[in-house]
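Asks: predicted structure and sequence below. I'll ask about it afterward.
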Amino acid sequence: MNVLITGASGFIGSALIRHLLDTDRTVIGLSRKPEPLARRFGNRIKTVDDLAKIDADTSIDAIVNLAGEPILDRRWSEKRKQVLYNSRLDTTAAVIKLIQRLNTKPTVLVSGSAIGYYGSQPDDRMLDENSEGRNGFTHKLCADWESRALEVQRLGVRVCLLRTGVVLGHGGALKRMLPPFKMALGGPIGSGRQWFSWIQLDDMVSLIDFLLQHQVLSGAFNATAPEPVTNAEFSKQLGRVLGRPAILPMPAFVMRLALGEGAELLCEGQRVVPVRLQQAGFEFRYPKLDKALAASL
């Protein structure tokens, strides 16, 4: 299997590349800065900075589309929200153009989305893949992103959509969370009652591979562990793994000052469960948070 990965230098993309190479797949990695990617993996992968540079006779069996600007690295102004939106839909449009001109079409596109599809959900009800989203920026972003990816179905390509939660691993979101906890200054955000839907990085990589290989699977999949927790419980368990107290709350208004509308991702939440993955027979290596945090740290 020859797999093209967009967003190849990112947190999930880099881990996926390592996994695919270790299991004897070949990889083409798209990155705006391919040089660091080439240095990391050497001649084990091919790198490209523009999908238009890929020849029409290139053999690509599968595409994993993960590209997009970081979601919480700065405050959400209207301009920033447009950047987040365009970076995802424009890359997906470029993927579609590539597929259209390839002499041999890939069999599957696994394309990114997020649990932001469901919008902010203040209650405790569990959300599966059939649950409706609530109006707001994150829902529109994810819904439009998914719709764009689904366009390749008319070209005979199977499409799987990844509604991804917070990915825990060595880096990523957890890296940004750790400093206050290590200084015993960590704690829940706001009330702490909001739900925190997460997945360990190894499981994230494994489920992508699972979707690549199972040809009967298509549509949306919640890429989250089967046991979401409240933000307060997450903070408690992270503090326990680090051997630090985690009792100092972060006021919600502080997060809103720092992140603007983006603070809703931390101050509000969704209780998301991976019903379709479990029905398909996917087995999580880290279904419980304590073991996932221990493995990630």
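Replies: Received it, and whenever you're ready, just let me know what you need.
Asks: contacts only, for Val229.
Replies: Shown in contact with Val229 (Cβ atoms under 8 Å, 6 or more residues apart in numbering): 195-196, 198, 237, 289. Where you see a C-beta, it was placed from the backbone N, CA and C, and this is true even at glycine.
Asks: which ones among the residues you listed map onto strands?
Replies: Secondary structure assignment by DSSP state E places 195-196, 198 of the contacts of Val229 in strands.
Asks: show me what contacts Lys33?
Replies: Contacts were defined as Cβ under 8 Å, 6+ apart; by that measure Lys33 touches 9, 49.
Asks: repeat that with 10 Å
Replies: Contact partners of Lys33, counting by Cβ atoms under 10 Å, 6 or more residues apart in numbering, are 9, 47, 49.
Asks: from the residues you listed, pick the one nearest Ala252.
Replies: Here the nearest of those to Ala252, counting by Cβ to Cβ, is Ser9; it sits at 33.0 Å.
Asks: just to check, the closest one is in contact with Leu16?
Replies: No. Applying Cβ atoms under 10 Å as the test, Ser9 and Leu16 come out as separate, 11.3 Å apart.
Asks: give me the more crowded residue out of those two.
Replies: Under the neighbour definition other Cβ atoms under 10 Å, Ser9 and Leu16 were set side by side, and Leu16 has more, 28 against 21.
Asks: skipping its backbone neighbours, what lies nearest that one in space?
Replies: Taking Cβ to Cβ, 6 or more residues apart in numbering as the measure, Leu16 lies nearest to Val205, with 5.2 Å between them; neighbours along the chain are not counted.
Asks: number of nearby residues for the one you found?
Replies: When neighbours are counted by other Cβ under 10 Å, Val205 registers 21.
Asks: who's in contact with it?
Replies: Each residue near Val205 by Cβ under 10 Å, 6+ apart is listed here: 12-20, 167, 169.
Asks: among those, name the ones in helices.
Replies: Secondary structure from DSSP state H places 12-20 of the contacts of Val205 in helices.
Asks: mind giving me the ChimeraX select for the residues you listed, buried ones only?
Replies: Written as a ChimeraX command, the selection of buried residues from the ones in helices among the contacts of Val205, which uses 16 or more other Cβ atoms under 10 Å, is:
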select :12,13,14,15,16,17,19,20
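Asks: of all pairs in the ones in helices among the contacts of Val205, which one is the farthest apart?
Replies: Taking Cβ to Cβ as the measure, the ones in helices among the contacts of Val205 span a maximum distance of 12.2 Å, between Ile12 and Leu20.
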